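Undergrad: Based on what follows, work out the 3D shape:
(one chain, ligands or ions: 2)
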Amino acid sequence: MARNGLLIQYDWCTGCHACEVACKQEHNYSEGMCGIKVYELVSSSPEKVYVDFVPALTRFCDLCAERTKTAGEEPACVKHCQATCIAYGNLTELGKAMEKQPRSSLFAPK
Ligand code: SF4
Ligand code: SF4
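TA: Ligands and ions are numbered 1, 2, ... in the order given. Take a look at the predicted model:
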């Protein structure tokens, strides 16, 4: 059976944390629980300091099963990402899309 997942093109991520807020609200998660976490990675060269925002899924991500399977809607984080850098769909198709993305991560929660 085809599995679904999330493709995150973090090159476009602004670090706004709206995905975290949307996930917590959607699931009514308590403090410390969330299906996605946005990490801030700082690196530097002799000339410049770089800050990258890299969202990653946690063990609490259920791919918004109620929304996607029951209501036929997209996951809450996908809907609320203003930068449109999170895509939901079939893992094979997302993998193909990933080949064209400069910096991206593919997640396949259970
Ligand atoms: S797919 Fe749903 S559960 Fe997973 S991180 Fe996004 S909002 Fe949270
Ligand atoms: S909502 Fe989108 S742009 Fe904002 S932190 Fe999450 S992935 Fe990045």
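Undergrad: CA only for contacts and neighbour counts going forward, please
TA: Will do.
Undergrad: Can you tell me the SS state at the residue of the chain positioned farthest from its centre?
TA: Here the centre of the chain is the reference, and by Cα atoms, centre = their mean the most remote residue is residue 46, at 31.2 Å. Three-state assignment for residue 46 (DSSP: H, G, I helix; E, B strand; the rest coil): coil.
Undergrad: quick one: it from ligand 2, how far?
TA: 27 Å (Cα to the nearest ligand atom, to the nearest Å).
Undergrad: shift numbering so it begins at 17
TA: Sure, I'll start counting at 17 from here, so that last one is residue 62.
Undergrad: okay, residue 125: pLDDT?
TA: Residue 125 is assigned 88 on the pLDDT scale.
Undergrad: hang on, it is in a helix, isn't it?
TA: No: counting by three-state DSSP, one finds residue 125 to be coil, located in no helix.
Undergrad: Any idea how many residues pack against it?
TA: When counting by other Cα atoms under 10 Å, one arrives at 15 neighbours for residue 125.
Undergrad: hey, what's the residue nearest to residue 102 when sequence neighbours are not counted bridged with?
TA: Closest residue to residue 102 apart from its sequence neighbours, by Cα to Cα, 6 or more residues apart in numbering: residue 24 at 4.6 Å. As for beta bridges, residue 24 partners with residue 102, residue 121 under DSSP bridges.
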